[in-house]
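K.L.:
A structural model of the following input is requested.
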Amino acid sequence: MFSYCTDPASLEGLTWLSCYLTTGKHMAIYWSVGTVLLLLAVTAPAALLFGFGGASAARSHVLPLRWLGKGYIAVVRGVPDIAFFLFFVIALDQLFEWIRHKIKCPDWDMPIRQGNDFVVCDGAKLPLGNAAQWVHEVYGFSLAVLTFAIVFGAFAANVLFGAMKAVPRAQMETAEAYGMTRRQSFWRILVPQMWVFALPGLSNLWMVLIKATPLLFLLGVEDIVYWARELGGSKTARFTDYPHGDWRMWYFLALLVFYLAFTRVSEVVLDRIMKRLTHGQATAGGDAQRKAA
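P.N.:
Now for the predicted structure:
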């Protein structure tokens, strides 16, 4: 990156380090930080949407819908996350290809399942074989986001379901006594008040989501854990212009500092949101604010 980096063998000390930390592969690890932040930015609202849908279904008066909501919460929460992460990536990929296969190749006369192989026509493959590299990366990242949203959406659904039940029933009955329909009571009374009860659980879930981002490595996405392991391993002069010993400890130490700093910032932001939500509310948090005032 710098003009004096043309001959790495002649460099020493901080000059060598500045050139080493600005190589193309190190730029990849810096970009991977953005990948993690983008994953969190997209997955959090998506998981919250799945969670809200699951919680609403679990309290529905329609029996099949209630079974679906409670089954979604129970099944996903009862299976190790790693199993679902590995399952959904394969299952979703094959589902999308099967749908495209039915649309694009209606005259296909061969079975899709051929022993242990899943075979679709060339036009139905995702992504296409001649697609650019960035298309493959975006597709893999999208599958990872959807997988994270489905898994963590079940935990969010459980939190939101409990928060909905925590809103005093008397308030719902009062709304109905004033002539509100069930839908109006839900959106105007229940939903605005449930967040103050849900935020502690959602805060913990956000922290777990942050710590789960290294699972991107298992889903085929080159995240910061992948690059820390790749760049920190021993390198000899035969394979690189910047040979070094086993530096994985230092790379993983940098990851530790990054995650600790990020979680600390999250704690500060979540604490401020909690204070805002509990202001004037008949909750423990609101009562503490009134006593402090």
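K.L.:
so where's this protein shaky on pLDDT?
P.N.:
Scanning the chain with the threshold set as pLDDT under 70 gives 1-2, 237-239, 279-293.
K.L.:
check contacts around V62.
P.N.:
The neighbours of V62, taking CB atoms under 8 Å, 6 or more residues apart in numbering as the test, come to nothing; the list is empty. (C-beta placed from N, C-alpha, C; glycine too.)
K.L.:
quick one: it from Y72, how far?
P.N.:
Here V62 is placed at a distance of 15 Å from Y72 (CB to CB, to the nearest Å).
K.L.:
number of residues surrounding W250?
P.N.:
Neighbours of W250 under the rule other CB atoms under 10 Å: 10.
K.L.:
which residue sits closest to it in space, ignoring its chain neighbours?
P.N.:
Of all residues beyond its chain neighbours, the one nearest W250 is G232 (6.9 Å), with distances taken as CB to CB, 6 or more residues apart in numbering.
K.L.:
so the one you found sits right up against G245, yeah?
P.N.:
No: in this structure G232 lies outside contact range of G245 using CB atoms under 8 Å: 9.7 Å.
K.L.:
these two: which is more packed in?
P.N.:
More crowded of G232 and G245, by other CB under 10 Å: G232, with 20 against 10.
K.L.:
got a list of what that one touches?
P.N.:
D246, W247, R248, M249, W250, Y251, F252.
K.L.:
if we use 7 Å, what do you get?
P.N.:
Contacts of G232 were listed using CB atoms under 7 Å, 6 or more residues apart in numbering, and they are W247, R248, W250, Y251.
K.L.:
now the helices for the chain?
P.N.:
13-20, 24-58, 63-78, 81-104, 133-166, 169-177, 182-185, 191-212, 224-232, 248-278, 284-292 (DSSP state H).
K.L.:
show me what the fifth one is packed against.
P.N.:
So the one you mean is helix 133-166. Other elements packing on helix 133-166 under the criterion 3 or more CB pairs under 7 Å, 6 or more residues apart in numbering; DSSP states H and E are helix 24-58, helix 63-78, helix 81-104, helix 191-212.
K.L.:
what of the second one?
P.N.:
Applying 3+ CB pairs under 7 Å, 6+ apart, one finds that helix 24-58 makes contact with helix 63-78, helix 133-166, helix 191-212, helix 224-232.
K.L.:
any chance of the ones you listed in a markdown table, with distance to L17 too?
P.N.:
Listed next are the helices and strands packed on helix 24-58 as a markdown table, based on distance: least, CB to CB, whole Å:
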| stretch | distance to L17 |
| --- | --- |
| helix 63-78 | 45 |
| helix 133-166 | 29 |
| helix 191-212 | 29 |
| helix 224-232 | 13 |
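K.L.:
my guess is V119 contacts C105, does it?
P.N.:
No: no contact is recorded between V119 and C105 when judged using CB atoms under 7 Å, the distance being 11.0 Å.
K.L.:
neighbours of V76, how many?
P.N.:
Counted with other CB under 10 Å, the neighbours of V76 add up to 21.
K.L.:
pretty sure it is touching F87, no?
P.N.:
No: checked against CB under 7 Å, the pair V76 and F87 is beyond contact range at 10.8 Å.
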